[in-house]
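**Student:** What follows is a predicted protein model with its sequence.
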Amino acid sequence: MKKDFETKFTGWAFILAAVLLWGGWILSPHNVGEYFVASDFASIGENVWYWIWMFRFHIFGWVTMGIAMFALWTILFKSDQRIILLPGIGMLVVGTFTIAIAAAYYYNYGAWGVGKTAGKSAVEIQEFMDSILFTNQYVTCFIRFGRIFSGVGLVLLGAGLLRGNIINKGISWLTIVLGAAAMGIILAIPEYYETYKPLFHVKVIWLLLMGIVILRSGLRITENE
């Protein structure tokens, strides 16, 4: 089993990603849905700077998850299962940063919208809401495909981990099931947003478990000769 500075860095990166993602989400005074509604800006405006900082933590959770995946990539690069593992990690990184970019939209528009709607009449606020709907449509597409890309990556990563017996088999299967569930919900359910929400929390738990197991048990790497 490989247990050294590399695995420690990787394990802690997974744990930090989970803490930032979950902390930013749970401690936020208001979470925006798939589309902005007028009441979002009033709620954000009640404590806008606190909301901004919690959203920053959340976004950096996605960034830290990307760092954790790149770190895992460097460890698994010589694995005899790398033909499965590396494409999986690559797709997961692409999906993660696509979601991070989409999250940045909600962060920016949420804070900006507070000022744009302050003191406006109901008609003026509705005009503003209509003006951002077009952009919001694009962003929901980013979220949808970011999650699908991540799902594909998780399935491949889990298959590689399982086939190479690199980490606990339970986590390997959880990785596969989480990825398949993400793709299935988004592709099969038209109004997927509320249905998908629990998977965000499952993904955070997966990050936490990955970090803990890597720190405690390391990774079993079998290299090609």
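**Tutor:** Now that the structure is in, tell me what you want to look at.

**Student:** can you give me the mean pLDDT across stretch 170-185?
**Tutor:** Throughout stretch 170-185, pLDDT has a mean value of 96.

**Student:** Which residues does that stretch contact?
**Tutor:** 147-148, 150-159, 161-162, 166, 192, 195-196, 199, 202-203, 206, 209-210, 213 (Cβ atoms under 8 Å, 6 or more residues apart in numbering). Every residue, glycine included, has its C-beta placed from N, CA and C.

**Student:** what about 6 Å?
**Tutor:** 147-148, 151, 154-155, 157-158, 161-162, 192, 195-196, 199, 202, 206, 209, 213 (Cβ atoms under 6 Å, 6 or more residues apart in numbering).

**Student:** List the buried residues in that stretch.
**Tutor:** Of all the residues in stretch 170-185, those buried under the rule 16 or more other Cβ atoms under 10 Å are Ile171, Ser172, Leu174, Thr175, Ile176, Leu178, Gly179, Ala181, Ala182, Met183, Ile185.

**Student:** again with stretch 7-23
**Tutor:** Buried-residue list, stretch 7-23, by 16+ other Cβ under 10 Å: 7, 10-22.

**Student:** quick one: the strands in the chain?
**Tutor:** Assigned by DSSP state E, the chain shows no strands.

**Student:** so where is it shaky, pLDDT-wise?
**Tutor:** Low-confidence regions of the chain, defined by pLDDT under 70, span residues 224-225.

**Student:** what residues are up against Val202?
**Tutor:** Taking Cβ under 6 Å, 6+ apart as the test, what Val202 contacts is Leu178.

**Student:** distance of Tyr109 from Tyr35?
**Tutor:** 11 Å (Cβ to Cβ, to the nearest Å).

**Student:** More neighbours: which of those two?
**Tutor:** Tyr109 (19 against 14; other Cβ atoms under 10 Å).

**Student:** Quick check: which helices or strands does the lengthiest helix in the chain pack against?
**Tutor:** Longest helix in the chain, counting residues (DSSP state H): helix 122-163. Judged by 3 or more Cβ pairs under 6 Å, 6 or more residues apart in numbering; DSSP states H and E, the packing partners of helix 122-163 are helix 82-117, helix 169-188.

**Student:** With distance to Ile52 as new columns, can those helices be given to me in TSV?
**Tutor:** Conversion of the helices and strands packed on helix 122-163 to TSV gives the following (distance: least, Cβ to Cβ, whole Å):
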stretch	distance to Ile52
helix 82-117	6
helix 169-188	28
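
**Student:** Good, we can wrap up now.
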